[in-house]
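A.B. asks: Sequence isn't available, so here's the structure alone:
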């Protein structure tokens, strides 16, 4: 692997900085709730099939009073795609070598009234280069005002860059975060984007704004709902909803597939799974 170029360095460094800021924000919420829960940072290395070093990352996980289980992973990996997988990746059919750096977050909450959430941003290089990512809200018990607030913040982030982004990317999220075998949505949507190619500076700026929008919107929703009383019936709804979340991530999620196909860290790849779920 050749040394990282300026674009790769910039993307990696920002994803790592965003990870630190998010973990600090979530730990602050735990302190406000009287908990001393903190993230555990576990580094991992990736090995290529030929035994060479293929990069790695850090798996960050916390189990607390408010955050039942939250993982915030960063990774920077490189190597060669398998011939079968390379055929599905833009530019990899020319040369199977790749570089990928990104952040991936999933939070499962202890209170059924606080929505679960997913966010990721990534920069992938083959013979082509592009950004992808998004954020989506996954409440077991949905509140219209929470959904509207989350979407409004993402809409504003999109509008600062391109008036077509929010209509395109929110629709893409609706289509992507869908369980066809149950004919239901995984959550209440957000945005999903991929293959923002060329124009590095503009697309990197947009990707950063998605991260900032998440950091602004989600902690506010947690604080709004985290002390709300709940019943056994509410908890049953949460556990059944988590079952659907598991089904989506194991059957359809692109990030899970990418991690498994590229020899990623299994614990990091599957950190999106909740600590408890129920299938009635």
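C.D. replies: Nice, I can see it. From a predicted model like this one, the values you see are computed outputs, not experimental measurements. Numbers count the residues shown, from 1 in each chain.
A.B. asks: ok, and the closest residue to residue 18 other than its chain neighbours, which helix or strand is that part of?
C.D. replies: Spatial nearest neighbour of residue 18, excluding adjacent residues (C-beta to C-beta, 6 or more residues apart in numbering): residue 211 at 4.7 Å. Glycine gets a C-beta too; all of them are placed from N, C-alpha and C. Following DSSP states H and E, one finds residue 211 within helix 200-225.
A.B. asks: in that helix, what's buried?
C.D. replies: Across helix 200-225, burial judged by 16 or more other C-beta atoms under 10 Å covers 200, 203-204, 206-211, 213-215, 217-218, 221-222, 225.
A.B. asks: Quick check: closest non-adjacent residue to residue 170.
C.D. replies: With sequence-adjacent residues excluded and distances taken as C-beta to C-beta, 6+ apart, residue 170 is closest to residue 191, at 5.4 Å.
A.B. asks: List the pairing partners of whichever helix or strand that neighbour is part of within its sheet, with orientation.
C.D. replies: Assigned by DSSP H and E, residue 191 belongs to strand 189-197. Taking DSSP bridges as the criterion, strand 189-197 pairs within the sheet with strand 129-138 (antiparallel).
A.B. asks: to the chain's geometric centre, what's the distance from the helix or strand just after the strand it pairs with?
C.D. replies: Where DSSP H and E defines the elements, the next helix or strand beyond strand 129-138 is helix 144-159. How far helix 144-159 lies from its chain's middle: 17 Å, per C-alpha atoms, centre = their mean, to the nearest Å.
A.B. asks: Enumerate the positions of the lowest-mean-pLDDT helix or strand in the chain that are buried.
C.D. replies: Within the chain, no helix or strand scores below helix 254-261, which has a mean of 83 by mean pLDDT, DSSP states H and E. Neighbour-count burial for helix 254-261 flags 255-256, 258-259 (criterion: 16+ other C-beta under 10 Å).
A.B. asks: Turn these into a markdown table, columns for distance to residue 134.
C.D. replies: Listed next are these as a markdown table, based on distance: C-beta to C-beta, whole Å:
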| residue | distance to residue 134 |
| --- | --- |
| 255 | 11 |
| 256 | 15 |
| 258 | 15 |
| 259 | 17 |
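A.B. asks: Can you say which two of those residues are spatially most distant?
C.D. replies: The most widely separated members of the buried residues of helix 254-261, counting by C-beta to C-beta, are 256 and 258 (7.4 Å).
A.B. asks: related to what we said a few turns ago, was I right about the residue nearest to residue 170 contacting residue 161?
C.D. replies: No - proximity of residue 191 to residue 161 does not meet the contact threshold set by C-beta atoms under 8 Å, at 11.8 Å.
A.B. asks: Looking at these two now, which is surrounded by more residues?
C.D. replies: Neighbour count, other C-beta atoms under 10 Å: between residue 191 and residue 161, residue 191 has more, with 24 against 17.
A.B. asks: Quick one: list the elements packing against the helix or strand just after the helix holding residue 211.
C.D. replies: Following helix 200-225 in sequence order, the next helix or strand is helix 232-251 (DSSP H and E). The contact analysis (3 or more C-beta pairs under 8 Å, 6 or more residues apart in numbering; DSSP states H and E) places helix 232-251 against strand 116-125, strand 178-179.
A.B. asks: Tell me how many other residues crowd residue 178.
C.D. replies: With other C-beta under 10 Å as criterion, residue 178 counts 15.
A.B. asks: Assess the claim that it and residue 185 are in contact.
C.D. replies: Yes - contact criterion C-beta under 8 Å: residue 178 and residue 185 qualify, at 5.7 Å.
A.B. asks: helix or strand for the residue lying closest to residue 261 once chain neighbours are set aside, which one?
C.D. replies: Spatial nearest neighbour of residue 261, excluding adjacent residues (C-beta to C-beta, 6+ apart): residue 85 at 4.7 Å. Using DSSP H and E, residue 85 falls within helix 83-86.
A.B. asks: what is the mean pLDDT for that helix?
C.D. replies: In this model, helix 83-86 carries a mean pLDDT of 85.
A.B. asks: Can you list the buried residues in that helix?
C.D. replies: Result for helix 83-86 [16+ other C-beta under 10 Å]: buried residues 85-86.
A.B. asks: helices and strands around that helix, which ones?
C.D. replies: Against helix 83-86 (3+ C-beta pairs under 8 Å, 6+ apart) you get no helix or strand.
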